[in-house]
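> When you get a sec, could you give me coordinates for this:
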Amino acid sequence: MNTIHLGWSPFFENQLASDDRSRYAVGRILEERRNAYVLLTEGGRVLIASLAGRLQHDASGRGQLPSVGDWVCASTRGAGHGAVIHRVLDRRTKIVRKEAGFGVDEQVLAANVDTVFLVTSLNQDLNPRRIERYLALVRESGARPVVLLTKADLCDDVTNTVAEIAQAAASVPMHAVSALTGSGLDALRPYLEPGQTSVLLGSSGVGKSTLVNRLLGEERLSVRDIRARDGRGRHATTSRQLLVLPGGGLLIDTPGIRELQLWIADEGLSQTFPDVEEAAMRCRFTTCTHAAGTPGCAVQAAIENGTLSADRLANWRKVGRELEALARRQDDKSKRQDQDRWKARAIKDKQRYDPEPDW
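Residues are numbered from 1 along each chain as shown. As a prediction, the model looks like this:
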């Protein structure tokens, strides 16, 4: 397999120096493990790679370290001795969220992706507000979002359910599929052409692994039956990995996302809620809070006449508040880092120009 089939393009070729091909093996990250990476190089060679010390030292955060889908330059140690990654090529697109918990750092879920399949099942997992949150994340990435409604065989009224979700995902392609029966899967072929990279994002148990197995044509990934008490699926995938489909497409499977905190999604917020922001621009006052009873509020007028849902407005506000809070925390972190750098420099200068006396 050559690099073209792995998604290589002039965007990446132009980043290589004239001697990079002779010095390094160029490859793509298939899987990220605890202390190593699985790397597929030109010619189909699979290597277990570690990070060069300088790459780790120079990285300002987790987001600058390799992730699944990244293209890297690595030196090989000879047969059976793995490789060392020295450089991560600039990403064409990246799917990023804030790291889980209270930290202030980005986590790259997948890199250099063409299509993001937002996967939710047509049973109890269905949640329009969650889809809006996913869309805000994906639209900031530069990749194309597509909503996949799985387990169509378990839904009694697919048509009306799809219409309901379409209100939360206006203008986004949407497909109802069943990995069990195979219905709807032919519509996914245009997204899975040779050299095209897609990623599956969704909660645990929505059927991502079952869908991957169907597309692979074999039971390669472990799957678990849905729970009888509530119809929800159960967590099966434990790590992100890039898989090569029989037709030449590339698909990244990911573990179920329990906590989806946005990183930077200002543009994604506008593209996900264009109806809310368009109505807000028609408000009488630019400082309008869009609260009920506000004179001249076009947003409240849209809710009253049924062209905008109150739930959608509430979600727009919630996501906006989260992004504002995150921006403040990022600013505080940047200030602390600047202070630490100045302190370190001051200590070094003091040691240089005012050495301790030699008694």
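> packing partners for the helix or strand P145 falls within?
Element membership for P145 (DSSP states H and E) is strand 144-150. Using 3 or more Cβ pairs under 8 Å, 6 or more residues apart in numbering; DSSP states H and E, the elements in contact with strand 144-150 are strand 115-121, helix 128-139, helix 158-166, strand 174-176, helix 208-216. For the C-beta atoms, the positions are set from N, CA and C on the backbone; glycine is no exception.
> Reformat these as a markdown table; add distance to T3.
Converted to a markdown table, the helices and strands packed on strand 144-150 look like this (distance: least, Cβ to Cβ, whole Å):
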| stretch | distance to T3 |
| --- | --- |
| strand 115-121 | 20 |
| helix 128-139 | 26 |
| helix 158-166 | 38 |
| strand 174-176 | 30 |
| helix 208-216 | 22 |
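> which of the ones you listed sits most buried?
Each of the helices and strands packed on strand 144-150 was scored by mean neighbour count; the highest is strand 115-121, a mean of 24, by mean count of other Cβ atoms under 10 Å.
> Partner strands of it and their direction?
strand 144-150 (parallel), strand 197-202 (parallel) (DSSP bridges).
> Please convert the helices and strands packed on strand 144-150 to JSON lines, extending it with mean pLDDT and distance to V147.
Formatted as JSON lines, those follow (pLDDT from 0 to 100; distance: least, Cβ to Cβ, whole Å):
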{"stretch": "strand 115-121", "mean pLDDT": "92", "distance to V147": "5"}
{"stretch": "helix 128-139", "mean pLDDT": "85", "distance to V147": "6"}
{"stretch": "helix 158-166", "mean pLDDT": "83", "distance to V147": "7"}
{"stretch": "strand 174-176", "mean pLDDT": "92", "distance to V147": "4"}
{"stretch": "helix 208-216", "mean pLDDT": "90", "distance to V147": "13"}
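> Ok, which of these comes nearest S183?
Checking the helices and strands packed on strand 144-150 against S183 by Cβ to Cβ gives strand 174-176 as the closest, at 8.1 Å.
> Please name every helix or strand in contact with that closest one.
strand 144-150, helix 158-166.
> Which residues does stretch 179-196 contact?
4-8, 114-115, 117, 146, 148, 150-153, 175-178, 198, 207, 210-211, 213-215, 245, 247-251 (Cβ atoms under 8 Å, 6 or more residues apart in numbering).
> which of these count as buried?
6-8, 114-115, 117, 146, 148, 150-153, 175-178, 198, 207, 210-211, 213-215, 245, 249-251 (16 or more other Cβ atoms under 10 Å).
> Let's have the strands paired with strand 115-121 in JSON lines, adding mean pLDDT.
Formatted as JSON lines, those follow (pLDDT from 0 to 100):
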{"stretch": "strand 144-150", "mean pLDDT": "93"}
{"stretch": "strand 197-202", "mean pLDDT": "93"}
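> quick one: which of the ones you listed is nearest E106?
Short answer: strand 197-202, nearest of the strands paired with strand 115-121 by Cβ to Cβ, at 15.7 Å.
> quick one: contacts of that closest one?
Contacts for strand 197-202 (Cβ under 8 Å, 6+ apart): 7, 69, 95, 109-110, 112-120, 134, 138, 143, 148, 191-192, 208, 211-212, 242, 249-254, 256-257.
> and that strand with helix 128-139, angle?
Here the directions of strand 197-202 and helix 128-139 differ by 150 degrees (axes from the mean of the first three to the mean of the last three Cα atoms, to 10 degrees).
> now strand 197-202 and helix 208-216, what's the angle there?
150 degrees.
> Export strand 197-202 to PDB, keeping only CA atoms.
Output of strand 197-202 as PDB, limited to C-alpha atoms (Å, rounded to 0.1, in the frame of the first residue of the first chain):
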ATOM      1  CA  THR A 197     -10.500   9.200   5.900                       C
ATOM      2  CA  SER A 198     -13.600   9.100   8.100                       C
ATOM      3  CA  VAL A 199     -14.100   8.900  11.900                       C
ATOM      4  CA  LEU A 200     -16.900   7.600  14.000                       C
ATOM      5  CA  LEU A 201     -17.900   9.700  17.000                       C
ATOM      6  CA  GLY A 202     -20.600   8.900  19.500                       C
END
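> re the thing from before, Throw the helices and strands packed on strand 174-176 into TSV and include distance to H57, thanks.
Converted to TSV, the helices and strands packed on strand 174-176 look like this (distance: least, Cβ to Cβ, whole Å):
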stretch	distance to H57
strand 144-150	35
helix 158-166	46
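> closest one to L313 among the ones you listed?
That would be, of those and by Cβ to Cβ, helix 158-166, which comes in at 17.1 Å.
> packing partners for the closest one?
Taking 3+ Cβ pairs under 8 Å, 6+ apart as the contact cut, helix 158-166 packs with helix 128-139, strand 144-150, strand 174-176.
> Now do the longest one: distance to the chain's middle.
Centroid separation for helix 128-139 versus its chain: 11 Å, with Cα atoms, centre = their mean, to the nearest Å.
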